[in-house]
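> Fold the stuff below for me.
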Amino acid sequence: MVDFDVHLLAVLRELAERGSVTAVAEATHRTPSAVSQQLQTLQRQVGVPLVERIGRGVRLTAHGEVLAGLSAGVATAIARVDAAWQEHLGGATGRVDLAIFPSAAELLLPGVLTRMCAHPGIELTLVDVDVGEGEFAPLAADHDIVVGHRSDGVRPADQGSVETVPLLREPLDVALPPGHRLAGRERVGIDEVVGETWIGVPEGYPIDRVLQAMAAASDAPPSVAFRTIHLPVIENLVAAGHGVALVPRYTSGTRASGRFHLAELADVRAGRRIEALVRPDRAVRPVVRTVLEALVAEALDVTT
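Below you'll find the predicted structure:
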């Protein structure tokens with residue numbers, strides 16, 4: 001039986017997820033030299049090479065990849081013991097770092113914070129993030145919970161590195177300026193709007209994927225005049241008559257009255273899935289579970 005320090009596995013796991021010794025050092029507040037020394041110590045203890053030189057950096061060997069994969073289970077087991085002990089001592093107390101993109105924060109955060117008033121022992125810290133849908137899962141390495149979104153039909157994040165907690169599916173509607181020829185309609189077809197001037201989000205975001213699907217279905221590339229990640233800016237541009245846009249129904253619906261019209265999009269399943277992403281070893285912590293439960297409950301209230 002190999003005898004080694006399991007706490008050194010965390011360094012190997014960080015290297016597997018972050019890709020470089022420098023990135024691991026920055027994330028763990030160590031020097032690159034200290035990280036390298038810990039990796040060398042772990043290699044001596046297990047008796048096989050775990051990393052190898054490649055150019056100016058390093059990469060995991062086949063042995064390193066296997067051990068890094070196993071390290072997540074070890075970290076989760078240790079965290080589960082710690083969680084059970086903390087509950088024995090008095091329940092959920094501590095800080096939870098929540099990273100959430102702005103429109104999900106608009107939709108969920110007020111209610112979540114109200115629910116968290118029942119848990120004064122939990123300190124919730126908030127970080128705004130807004131990235132492409134494939135970039136949310138890696139953020140779970142730096143935050144306890146990451147609330148991200150993805151398009152309908154896109155697979156969830158890698159289940160090996162993060163757990164995915166579904167929150168809600170939010171339909172996307174077409175926002176039309178006041179006085180638009182279709183502004184009185186409850187539903188509009190792709191062919192009726194794809195040729196309009198569009199206010200869009202950056203490429204790679206869930207809403208843009210739906211717009212591209214519309215273009216593929218109609219064989220007519222959309223004309224996107226402006227792109228922004230800020231939903232209120234998109235709504236303001238539509239309200240001022242500068243174009244039409246795909247917007248999330250529940251979030252934008254609270255601001256639509258008298259400013260712009262929302263119409264359901266026919267002929268295509270248009271929506272985004274909002275979900276919480278969390279590392280397995282963090283998911284077992286009582287404080288993290290409590291915040292996840294608040295997110296799930298608030299999402300259920302939004303959709304019922």
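> can we go C-alpha only for contacts and neighbour counts from here?
Noted.
> For Leu295, give its distance to Asp142.
According to C-alpha to C-alpha, to the nearest Å, Leu295 stands 19 Å off from Asp142.
> Which of those two has more residues huddled nearby?
Counted by other C-alpha atoms under 10 Å, Leu295 and Asp142 do not tie: Leu295 has more neighbours, with 26 against 14.
> Specify the local secondary structure of the more buried one.
Following DSSP: H, G, I helix; E, B strand; the rest coil, we place Leu295 in the helix state.
> swap in Thr164?
For Thr164, the assignment made with three-state DSSP gives strand.
> Identify the residues contacting it.
156-157, 275-278 (C-alpha atoms under 8 Å, 6 or more residues apart in numbering).
> How many neighbouring residues does Trp272 have?
For the record, residue 272 is Arg, not Trp. 24.
> correction: Thr114
12.
> Which helix or which strand is home to it?
helix 102-116 (DSSP states H and E).
> what's in contact with that helix?
With C-alpha under 8 Å, 6+ apart, helix 102-116 has contacts from 122, 128-130, 147, 231, 250-251, 274, 291, 294-295, 298-299, 302.
> Same question for stretch 145-156.
Contacts of stretch 145-156 (C-alpha under 8 Å, 6+ apart): 96-101, 104, 133-134, 136-137, 139-140, 164, 205-207, 209-210, 269-278, 288.
> rewinding a little: could you identify the pair within the contacts of helix 102-116 that is furthest apart?
For these, with distances taken as C-alpha to C-alpha, the pair at the greatest spread is Ile122 and Leu231 (30.2 Å).
> Using neighbour counts, trim the contacts of helix 102-116 to the buried set.
Listed as buried from those are 122, 130, 147, 231, 250-251, 274, 291, 294-295, 298-299; burial here means 16 or more other C-alpha atoms under 10 Å.
> Which parts of the stretch 201-304 of the chain are strands?
223-227, 245-248, 261-265, 271-278 (DSSP state E, counting those that start in this stretch).
> Much appreciated, bye for now.
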